[in-house]
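**Student:** Provide a 3D model corresponding to the input given below.
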Amino acid sequence: MTDPTETEEARALREAVRALLTRRSGPEAVRAALESPLGYDDKLWSTLCEQIGVAALVVPEHYGGAGAGLAEACVVLAELGRTLTPAPMLGSAVLSAQALLLTGNDSACRELLPGIAAGTTLAALAWSGEDGRWTPALRASDAGLEGSAHYVLDGDLADVLLAVARTDDGAGLFEVPADGVRRSRVTSLDPGRRLAVVECAATPARRLDLGGFGSSLRQLRDTAVVAVAAEQVGAAARALELTVEYTKQRRQFGRPIGSFQALKHRMADVHVHVEAARSALYAALVDGDAEAVATAKVVCGEAFAHAAAEMIQLHGGIAITWEHDAHLYFKRAHGTALLFGEPGSWLAR
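**Tutor:** Model (predicted):
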């Protein structure tokens, strides 16, 4: 079967996103975005949404979207991962949009999805507790929502705040007033991944799902994991590219260090690992079964961690300086490995 990320349309999308990021999201621009109040370049995000339509990819056309799918979103995420460009693509345009679609609530989708698809509305999804597990951290009752949700992507900035909460009939998806909860940004290992804690105390909320949302949680979780795997593949490939480029330039004993057989072997091992990750992502997108998704979670995370570690080792002393980007790839690798569940839980699955 054709790789859905390598169709003619997907390649054109990749080229368009890469060209824009090459012009507008170099290392200096990424660092400036990380230090900005939003944590990302809102002008770049607007351009990505208006000119390329990245936020509309998973949203059906009748809700103002492009009617593409997860594979196309993964193409964009891989490109964002390559340059470590901070953007609300994962939390808003993929995770929150997919959660709304799984409710089956046409009215809510018509109300909320057009803004998300246009990139003018930033949405966030509150779900897990401090342990990072997928059990909903919030509890819904007649008094409202209670509890604290952790690791909420862009949760302190969101215009629309969605929350998965335990209910008497299992689980439900709720829209929570953004000004009715306490939202606190937390310091994270990865400066390019903005996380927040959302605290509810008898917070009034509107239930969006039509019942039986608990059965959709697994699909939502799998979507999130595959999206992160795509980002990991893009970032791991770029980390390897940068390492190979450096070893061709750095000279020792009168020759480029990349010519030494021991280093060739190490870079070849990373290449094999990255290609295995591409295959795992392909299987997760095409098969979509539980084993394929769990495999992508583990293999793509390990490949990125391997590539980032070798990037630091083979760059030598320069890689452990704040000015070099190697530490940003290393932090992103370890941060994404733990996002949406630690690898051990997925190995068990």
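**Student:** Spatially nearest residue to residue 32, not counting backbone neighbours?
**Tutor:** Distances taken as Cβ to Cβ, 6 or more residues apart in numbering put residue 41 closest to residue 32, at 7.6 Å, once the chain neighbours are dropped. Every C-beta, even on glycine, is put in place using the N, C-alpha and C of the backbone.
**Student:** my guess is the one you found meets residue 31, correct?
**Tutor:** No - assessed by Cβ atoms under 8 Å, residue 41 is found out of contact with residue 31, at 10.9 Å.
**Student:** Around the residue nearest to residue 32, count how many other residues there are.
**Tutor:** The burial count assigned to residue 41 is 21, neighbours taken as other Cβ atoms under 10 Å.
**Student:** what about the residue nearest to residue 46 when sequence neighbours are not counted, neighbour count?
**Tutor:** Spatial nearest neighbour of residue 46, excluding adjacent residues (Cβ to Cβ, 6+ apart): residue 119 at 6.3 Å. Neighbour count of residue 119, defined by other Cβ under 10 Å: 23.
**Student:** which residues does residue 119 contact?
**Tutor:** Residues in contact with residue 119 (Cβ atoms under 8 Å, 6 or more residues apart in numbering) are 45, 46, 48, 49, 50, 54, 55, 56, 93.
**Student:** My reading is that the third one lies in a helix. Confirm?
**Tutor:** Yes - in this structure, residue 48 lies within a helix as judged by DSSP: H, G, I helix; E, B strand; the rest coil.
**Student:** ok, now which ones touch the residue nearest to it when sequence neighbours are not counted?
**Tutor:** Using Cβ to Cβ, 6+ apart and skipping residues adjacent in sequence, the residue nearest residue 48 is residue 54, 4.7 Å away. Residues in contact with residue 54, defined by Cβ under 8 Å, 6+ apart, are 17, 48, 73, 76, 89, 93, 119.
**Student:** what do you get for residue 59?
**Tutor:** Residues in contact with residue 59, defined by Cβ under 8 Å, 6+ apart, are 65, 66, 67, 97, 101, 113, 116, 117.
**Student:** and the residue nearest to it when sequence neighbours are not counted, backbone torsions?
**Tutor:** Spatial nearest neighbour of residue 59, chain neighbours left out: residue 65 (2.5 Å); criterion: Cβ to Cβ, 6+ apart. Phi and psi for residue 65, reported as degrees, to the nearest 10, are phi -100, psi -170.
**Student:** number of nearby residues for residue 65?
**Tutor:** Residue 65: 22 neighbours (other Cβ under 10 Å).
**Student:** Hmm, it is touching residue 113, no?
**Tutor:** Yes - at 6.8 Å, residue 65 and residue 113 qualify as touching, with contact defined as Cβ under 8 Å.
**Student:** shared neighbours, the two?
**Tutor:** 59, 97.
**Student:** Setting aside sequence neighbours, what's the nearest residue to residue 14?
**Tutor:** Distances taken as Cβ to Cβ, 6+ apart put residue 75 closest to residue 14, at 5.1 Å, once the chain neighbours are dropped.
**Student:** quick check, the one you found in a helix?
**Tutor:** Yes - the assignment for residue 75 by three-state DSSP puts it in a helix.
**Student:** what's near enough to touch it?
**Tutor:** 5, 10, 13, 14, 17, 230 are the contacts of residue 75 under Cβ under 8 Å, 6+ apart.
**Student:** For residue 90, see how far away the residue nearest to residue 46 is.
**Tutor:** Using Cβ to Cβ, to the nearest Å, residue 119 is found at 13 Å from residue 90.
**Student:** Equivalent analysis for residue 176, please.
**Tutor:** Distance from residue 176 to residue 90, by Cβ to Cβ: 20 Å.
**Student:** returning to that earlier point: might you specify the subset of the contacts of residue 59 located within helices?
**Tutor:** Counting by DSSP state H, these place 97, 101, 113, 116, 117 in helices.
**Student:** contacting residues around the second one?
**Tutor:** It stands for residue 101. With Cβ under 8 Å, 6+ apart, residue 101 has these contacts: 58, 59, 60, 109, 113.
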